[in-house]
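S.K.: Give me a 3D structure for the following:
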Amino acid sequence: MKGTVVSTWIKSLEKLYGKEIIDRAVAKAGWETDRVITPLEDVPDQEPMAIIREVASAVGLSTEKVWREIGKSNIETFRTWFPSYFERFSLKSFLMMMDDVHSQLTKMIKGANPPRLIAREIGEKTIEILYESKRGMFDYFLGLLEGSAAFFQEQIETEILEKGMHQDGRHFMRIKIRLEKDTRTTIQYPLSRILSFGIIRNLPFKITVSVTILSAMLLFILFGRDQAIQVLLSTGFIFGTTLLFSRIVLAPFQKIQDQLSKLSDMDFEGNLSIRTGDHLEDYMADLNVIKEKMKKDFLFLKGGTDDMHNFTMKFSQVAQDMKEVSQGISDLVQEVASGAVHQAEETEKSVYVLNENIDNLNRLAEEEVLSQKQLENAVADIRKSFGQIQTIAATLLEIKDDFSRVNQQGEDLSKRAHGIMEIVTTVAQISDQTNLLALNAAIEAARAGEMGKGFTVVAQEIRNLAEDSKNAVSTIHEGLLSFIADVTKMIEQVANQFQRLENSNKTLGTVAKDNEKATTEITDVAKKIIELVDALSFEAQKISDVFQNIHSLAAIAEENSAASQEMSANVIQYSSRISDLIDYIQQLDSLTGNLKLELKKYRI
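M.R.: Predicted coordinates:
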């Protein structure tokens, strides 16, 4: 099935039921909704049939009803495509020429196989059409008849006489159609028909017979039966002379008939003039005028067809060059589109990586700011610690001085203990001497007897006191020895601690100086780190601004990619349209070629 008819069906369906429903039906049938159907494209019959079934199901109608509606609507579409075919006086003339139109389409469009619409007149306003088609689209055919009647504004009556299938598989339908208008205008000449006697077609003979009968009747009336022989002779003479003169007078009609036959054979070559001295000269002159006018028209058509053919050939070459150029542009645009897509993808990846890096950098900057605060706090703590170390160093110095005094006091105490030891030694010696004196007193008291008993008691008490003093002195001596040992040990320990304290103080002084130096350096480093953090934050902000620009570039790259793809699609579509244009030009070339062949029949 040719694309011309299928495209008219699709347009009619869209007009009848809406584009949305048709697009869904087309998609279900496996077609692209934006498919372009070229006029010479061969479309498998089952594909449009499937679309019609889908549409019928969608709108809730039978397939036969949809086909009938398509037929009615298609008439308007056909009128748009082939307006000259519809320039007719009546529906009858339109239907009578349809089989010839289909024959022309078969010649013009290679592979076209339209149905036969063999029409014949069976009355002034009645015709019979034999529809023959391998597809058997009877409802579509009836819809076309209804649409044609509506276009020509005529009421018709149809009667299906016969319907079936030929042995070769072609479907047929014989239908009788009663119309309102007739294509012919008939003028009746009853007397002339009477003079033909129903059998005479030869014009000279018809004139001769009519004149002869009329003359014979007149002669019989005038002369009667008595002169029957003379009447018969006269009648014979009249018949012969009338036939002779009729043939002589009407002989140019044969030439006129020959000229009409040549016109019927599409032969317009040459002009024939006759000299009869009557209106036949005018008739032939009028016929020649008509031939000249037709020759001029056909000459113009042939010349125009040649020009159109040559123009088509040139235009075809230009279109072919345009196709090659557009193909090259299409390839370049495709490469640009691919590059733009790749660039957009790479830019997107770079933006993603840069975004992660900037996020990490911002996070590091934030952590650096936090570390900066912690570093400032640490420096403040170090400075505070340095102050505390200085305070501790001063305190240690004071403790060292106190330990020095304690050490001196220990040494003084040791000296005093030794002095007490000397005193205790003296008291012990005194105690021994006292004890010795008490013993001597006892001895002397014993010598004195009774007189010395009281002295003995005193001596004994003194002796006991001396013993007690000696014991006490011994105890004191031992305590002092222990005390002196403890004091000596304490002095040694104090001296050791003093030495260690002095060493520690020296170390602390060195540490304090180092700490002071380190604090100063840390402060400087902290300032530099703070400056670096500020610079890092500033650079991070600048990089963030750059990232925004890169992000904008990425968006622009995506837009460029989309624009490139759209441009590529447009160029591809343009190339497709160029190909369609070349197809149409080839079709036009084929049509002009067919038209040239048809015009060659007219010999001018």
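S.K.: Excluding residues flanking it in the chain, which one is nearest Phe151?
M.R.: Leaving aside its chain neighbours, Phe151 sits nearest to Ile75 (5.4 Å; criterion: C-beta to C-beta, 6 or more residues apart in numbering). C-beta: built from backbone N, CA, C; applies to glycine.
S.K.: Sticking with that neighbour, tell me its helix or strand.
M.R.: helix 63-81 (DSSP states H and E).
S.K.: which residues touch that helix?
M.R.: For helix 63-81, the external contacting residues (C-beta atoms under 8 Å, 6 or more residues apart in numbering) are 4, 8-9, 11-13, 15-16, 52-53, 55-56, 59, 85-86, 137, 139-148, 150-151.
S.K.: taking those one by one, which sit in helices?
M.R.: In helices, defined here by DSSP state H, the members of the contacts of helix 63-81 are 4, 8-9, 11-13, 15-16, 52-53, 55-56, 59, 139-148, 150-151.
S.K.: Can you say which of those residues are buried?
M.R.: Buried residues within these, counting neighbours by 16 or more other C-beta atoms under 10 Å: 4, 8-9, 11-13, 16, 52, 55-56, 59, 139-148, 151.
S.K.: hmm, back to that, tell me which helix or strand comes right after the helix holding Ile75.
M.R.: helix 91-96.
S.K.: how about that following helix: buried residues?
M.R.: Leu91, Lys92, Phe94, Leu95, Met96.
S.K.: So for the last one, what's the pLDDT?
M.R.: So that's Met96. As summarised for this prediction, Met96 has a pLDDT of 87.
S.K.: again with the first one
M.R.: Looking at Leu91, its pLDDT is 86.
S.K.: if we can go back for a sec, hey, C-alpha coordinates of the helix holding Ile75 in CSV?
M.R.: Taking Å, rounded to 0.1, in the frame of the first residue of the first chain, the C-alpha atoms of helix 63-81 are listed here in CSV:
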residue,chain,number,x,y,z
THR,A,63,-13.8,-1.5,12.5
GLU,A,64,-16.4,-1.2,9.6
LYS,A,65,-17.8,2.0,11.1
VAL,A,66,-14.3,3.5,11.4
TRP,A,67,-13.4,2.6,7.8
ARG,A,68,-16.7,4.2,6.6
GLU,A,69,-15.9,7.4,8.5
ILE,A,70,-12.4,7.4,7.1
GLY,A,71,-13.8,7.1,3.6
LYS,A,72,-16.1,10.0,4.1
SER,A,73,-13.4,12.2,5.6
ASN,A,74,-10.7,11.2,3.0
ILE,A,75,-12.6,12.9,0.2
GLU,A,76,-11.7,16.3,1.6
THR,A,77,-8.0,15.1,2.0
PHE,A,78,-8.0,13.8,-1.6
ARG,A,79,-9.5,17.1,-2.8
THR,A,80,-6.6,18.9,-1.1
TRP,A,81,-4.0,16.6,-2.8
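S.K.: Enumerate the positions of that helix that are buried.
M.R.: Result for helix 63-81 [16+ other C-beta under 10 Å]: buried residues 66-79.
S.K.: Check stretch 118-132 too.
M.R.: So stretch 118-132, judged by 16+ other C-beta under 10 Å, has buried residues Ala119, Lys125, Ile127, Glu128, Ile129, Leu130, Tyr131, Glu132.
S.K.: Now intersect these with the strands, please.
M.R.: Among these, the members falling in strands (DSSP state E) are Ala119, Ile127, Glu128, Ile129, Leu130, Tyr131, Glu132.
S.K.: and those residues as a markdown table, adding pLDDT and distance to Thr276?
M.R.: Formatted as a markdown table, these follow (pLDDT from 0 to 100; distance: C-beta to C-beta, whole Å):
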| residue | pLDDT | distance to Thr276 |
| --- | --- | --- |
| Ala119 | 91 | 41 |
| Ile127 | 91 | 41 |
| Glu128 | 94 | 44 |
| Ile129 | 93 | 46 |
| Leu130 | 94 | 47 |
| Tyr131 | 92 | 50 |
| Glu132 | 92 | 50 |
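S.K.: which of those lies closest to Thr391?
M.R.: For these, the residue nearest Thr391 by C-beta to C-beta is Tyr131; the value is 124.6 Å.
S.K.: how about the closest residue to that closest one other than its chain neighbours, what does it touch?
M.R.: Leaving aside its sequence neighbours, Tyr131 sits nearest to Met173 (C-beta to C-beta, 6+ apart; 4.5 Å). For Met173, the contact set (C-beta under 8 Å, 6+ apart) comprises Leu130, Tyr131, Phe138, Phe141, Ile160, Glu162, Lys163.
S.K.: isn't the fourth one right next to Arg116, touching?
M.R.: I take that to be Phe141. No - applying C-beta atoms under 8 Å, one finds Phe141 not in contact with Arg116, separated by 11.1 Å.
S.K.: Show me whatever sits in contact with both of the two.
M.R.: Common neighbours of Phe141 and Arg116 (C-beta under 8 Å, 6+ apart) are Tyr131, Ser133.
S.K.: Leaving out chain neighbours, which residue sits closest to Leu260?
M.R.: Leu287 (7.8 Å).
S.K.: Just the mean pLDDT for the helix or strand where that neighbour lies, thanks.
M.R.: Under the criterion of DSSP H and E, Leu287 resides in helix 279-448. For helix 279-448, mean pLDDT is 70.
S.K.: From start to finish, how long is stretch 218-233 in a straight line?
M.R.: With C-alpha to C-alpha, to the nearest Å as the measure, the first residue of stretch 218-233 is 14 Å from its last.
S.K.: neighbouring contacts of that stretch?
M.R.: Contacts of stretch 218-233 (C-beta under 8 Å, 6+ apart): Ala216, Ser234, Thr235.
S.K.: Output those residues in a markdown table; the columns should cover neighbour count, distance to Arg35 and pLDDT.
M.R.: Listed next are those as a markdown table, based on neighbours: other C-beta atoms under 10 Å; distance: C-beta to C-beta, whole Å; pLDDT from 0 to 100:
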| residue | neighbour count | distance to Arg35 | pLDDT |
| --- | --- | --- | --- |
| Ala216 | 17 | 82 | 84 |
| Ser234 | 16 | 87 | 85 |
| Thr235 | 19 | 83 | 85 |
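S.K.: Please flag which of these sit within helices.
M.R.: Ala216, Ser234, Thr235.
S.K.: want to try CSV for those, with distance to Ile430 as columns?
M.R.: As requested, the ones in helices among the contacts of stretch 218-233 are exported to CSV (distance: C-beta to C-beta, whole Å):
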residue, distance to Ile430
Ala216, 229
Ser234, 234
Thr235, 230
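S.K.: Just give me the closest of the residues you listed to Gln408.
M.R.: Nearest to Gln408 among the ones in helices among the contacts of stretch 218-233, with distances taken as C-beta to C-beta, is Ala216, at 200.8 Å.
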